[in-house]
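Colleague: sequence first, then the predicted structure, then my questions.
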Amino acid sequence: MKKAAPKFSVEEVLRATGGEVISKSSTVKRFCGISTDSRAVAPGNLFVALKGENFDGHDFVREVLEKEAAGVLIQDEEKVVPFLTRENTAIIRVADTLIALGDLAHDWRKRFSALVIALTGSSGKTTTKEMIASIMTRKKDILKTEGNLNNLIGLPQTILEMTKKHEAVILEMGTNTRGEIKRLTQIASPDISLITNVGPAHLAGLGSLDAVRDEKCDLFLNMSRNGTAVINLDDEAILAGSERWDGKRVTFSMGTGADVTAAQIEKQGLKGISFRLVIGGRDKEVMMKIAGMHHVYNALAAATTASAAGMDLETIAEGLAAFVPFSGRMEVIKLQNGAYLLDDSYNANPASVREALMALKDLKGQRNGYVFLGDMLELGSQAEEMHRKIGMLIATVGITALFLQGDFSPITAAGAIEGGLVPENIFFLSRQEEDMDYLKKHLKKGDWILVKGSRRMKMEAYVQKICEVFGCNRSNHQLETVT
């Protein structure tokens, strides 16, 4: 379905961004649609010429004008001098086009009464966002972050898709540099804010775990004072960072004393996880078709957020039960030889790798387990130590063989050997055809394979190769029912 295009008058753009029209003969009064991609520009659009380390939108001004864009938002006037006298084109100069894009999105957000939910966290935020959406969509028309559009470019693009029909907007926020969450929160002006957890992620850009905490907790400190903060009582970093928030809050915990909690948690093997969801003294059984105990925390975070948004217990339980994990995030795939592939290849940091390993341990039981692990990136000066510790943890899970890829592979291997895994069962990934030879000889019915790694390691290629070699049904992205 074609997306609605946001409409701005020239005056509205100038007011929102503090910009100035510098074209000499412009008669343009209004823009229909805002684009940051020259390839996708349509007639009547306002093209925002963003600049990055490896691209400069100013280089494509001629192209977008040939596609009949009605205007261009620029910051480098020298690069558009040849177009300043072009008729029917509004060229608007701002100090920073990235900031201006956010300002336009903020202006658009203020035009609607939809409830805006924002969430961030070191791990689990995308899964939690999808759980919230699974709940909210049962009663409301929602808009949500798609894919990885959770940064200073992607989040404004999502907001600019808002229309009058939307009753709730669910926005994921990512960060790898100090100040990003603050800016994203300023753009979104959320009514409800959630931090799933704080852990060792993006340390290369943020520097320390304390800095990660401060960055994440900016989500609470910069939203409206009338907003609601969703607090994870079991995360000490979040508790410390949220002390400065004196507004309304709702809480969740695995223990007592929280507004939302879980009881009678049971691992159901291939069926998933069951628990009783407790909200306000009432409880309801939930059966979730997803692997990994850590997803109970994601479910609690989603349930608490949905409750703060006015969803009732029955709707929340139904939404959680209906949630199905999607490709690359704890997706269980049954291979045709009866073995199982746990695809968690989308991304990785120390916390999420640990959680995936614990899920593998539970699922495989006494059967053989094989781990394909790519490097965990953006860990800064702590990278070597964290890879060594992950190697040691892998050895305790009781796996049969470890396959490693990346610059830190020798360090992970050394940790695994230190933990007790024999060197003969550690392999360094090189060519996919050769890497599959071991599995062809050893993988049997009931065995498990985990594939995990940071996004840039492209571990999904090994998921695809395993499926090609052993055969699988990628159309079924949920745990099977076992009788």
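Modeller: It's in.
Colleague: was I right about residue 204 contacting residue 386?
Modeller: No - taking Cβ atoms under 8 Å as the definition, residue 204 is not a contact partner of residue 386, at 11.7 Å. For every residue, glycine as well, the C-beta is placed using N, CA and C.
Colleague: overlap of the contact sets of those two?
Modeller: Overlap between the neighbourhoods of residue 204 and residue 386 consists of residue 379, taking contacts as Cβ atoms under 8 Å, 6 or more residues apart in numbering.
Colleague: between these two, point out the one with more neighbours.
Modeller: Taking other Cβ atoms under 10 Å, residue 204 and residue 386 do not tie; residue 386 has more neighbours (21 against 15).
Colleague: tell me the contacts of residue 375?
Modeller: Residues counted as contacts of residue 375 (Cβ under 8 Å, 6+ apart) are 387, 405, 406, 407, 408, 409, 453, 454, 457.
Colleague: that one and residue 43: what is the separation?
Modeller: Per Cβ to Cβ, to the nearest Å, residue 375 is found 45 Å from residue 43.
Colleague: repeat for residue 417
Modeller: Following Cβ to Cβ, the distance that separates residue 417 from residue 43 is 62 Å.
Colleague: between the two, which has more neighbouring residues?
Modeller: Taking other Cβ under 10 Å, residue 417 and residue 43 do not tie; residue 417 has more neighbours (17 against 10).
Colleague: skipping adjacent residues, who's closest to the more buried one in space?
Modeller: Distances taken as Cβ to Cβ, 6 or more residues apart in numbering put residue 423 closest to residue 417, at 5.8 Å, once the chain neighbours are dropped.
Colleague: ramachandran coordinates for that neighbour?
Modeller: phi -60, psi -30 (degrees, to the nearest 10).
Colleague: give me the number of residues near it?
Modeller: One way to gauge burial is a neighbour count; for residue 423, by other Cβ under 10 Å, it gives 9.
Colleague: could you do residue 419 as well?
Modeller: 17.
Colleague: show me the shaky parts of the stretch 301-450 of the chain.
Modeller: Along the stretch 301-450 of the chain, segments meeting pLDDT under 70 span 431-434.
Colleague: 90 instead, please
Modeller: Flagging of the stretch 301-450 of the chain using pLDDT under 90 yields the residue ranges 324-330, 346-347, 349, 351, 378, 380-381, 430-437.
Colleague: in the chain, which residue is closest to the centre?
Modeller: Most central residue of the chain, judged by C-alpha distance to the mean C-alpha position with Cα atoms, centre = their mean, is residue 126 at 3.8 Å.
Colleague: just checking, it is part of a helix?
Modeller: Yes - with DSSP: H, G, I helix; E, B strand; the rest coil as the criterion, residue 126 is assigned to a helix.
Colleague: give me the three-state assignment for residue 175.
Modeller: coil.
Colleague: what's near enough to touch it?
Modeller: Contacts here follow Cβ under 8 Å, 6+ apart; on that basis residue 175 touches 120, 151, 181, 184, 202, 206, 215, 216.
Colleague: out of these, which is nearest to residue 309?
Modeller: Residue 309 lies nearest to residue 120 out of the contacts of residue 175, by Cβ to Cβ, at 17.1 Å.
Colleague: now the closest one: how far from residue 274?
Modeller: Where residue 274 is concerned, residue 120 sits at a distance of 28 Å (Cβ to Cβ).
Colleague: contacting residues for the nearest residue to residue 6 once chain neighbours are set aside?
Modeller: Taking Cβ to Cβ, 6+ apart, and ignoring the residues beside it in sequence, residue 6 has residue 160 as its nearest neighbour in space, at 4.8 Å. Contacts of residue 160 were listed using Cβ under 8 Å, 6+ apart, and they are 6, 34, 104, 105, 108.
Colleague: which of the residues you listed fall in strands?
Modeller: Per DSSP state E, strands hold the following members of those: residue 34.
Colleague: and the contacts of residue 160 as CSV, adding pLDDT?
Modeller: CSV is the format used below for the contacts of residue 160 (pLDDT from 0 to 100):
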residue, pLDDT
6, 96
34, 97
104, 98
105, 98
108, 98
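Colleague: so where do the strands sit in the stretch 101-250 of the chain?
Modeller: For the stretch 101-250 of the chain, the strands defined by DSSP state E, counting those that start in this stretch cover 115-120, 142-144, 168-172, 192-195, 228-232, 248-253.
Colleague: residue 265 is nearest to which of those strands?
Modeller: Ranking these by their distance to residue 265 (criterion: Cβ to Cβ) puts strand 248-253 first, at 12.9 Å.
Colleague: could you name the helices and strands sitting against whichever helix or strand comes after the closest one?
Modeller: Toward the C-terminal end, the helix or strand that comes next after strand 248-253 (DSSP states H and E) is strand 260-267. Other elements packing on strand 260-267 under the criterion 3 or more Cβ pairs under 8 Å, 6 or more residues apart in numbering; DSSP states H and E are strand 248-253, strand 273-279, helix 294-308.
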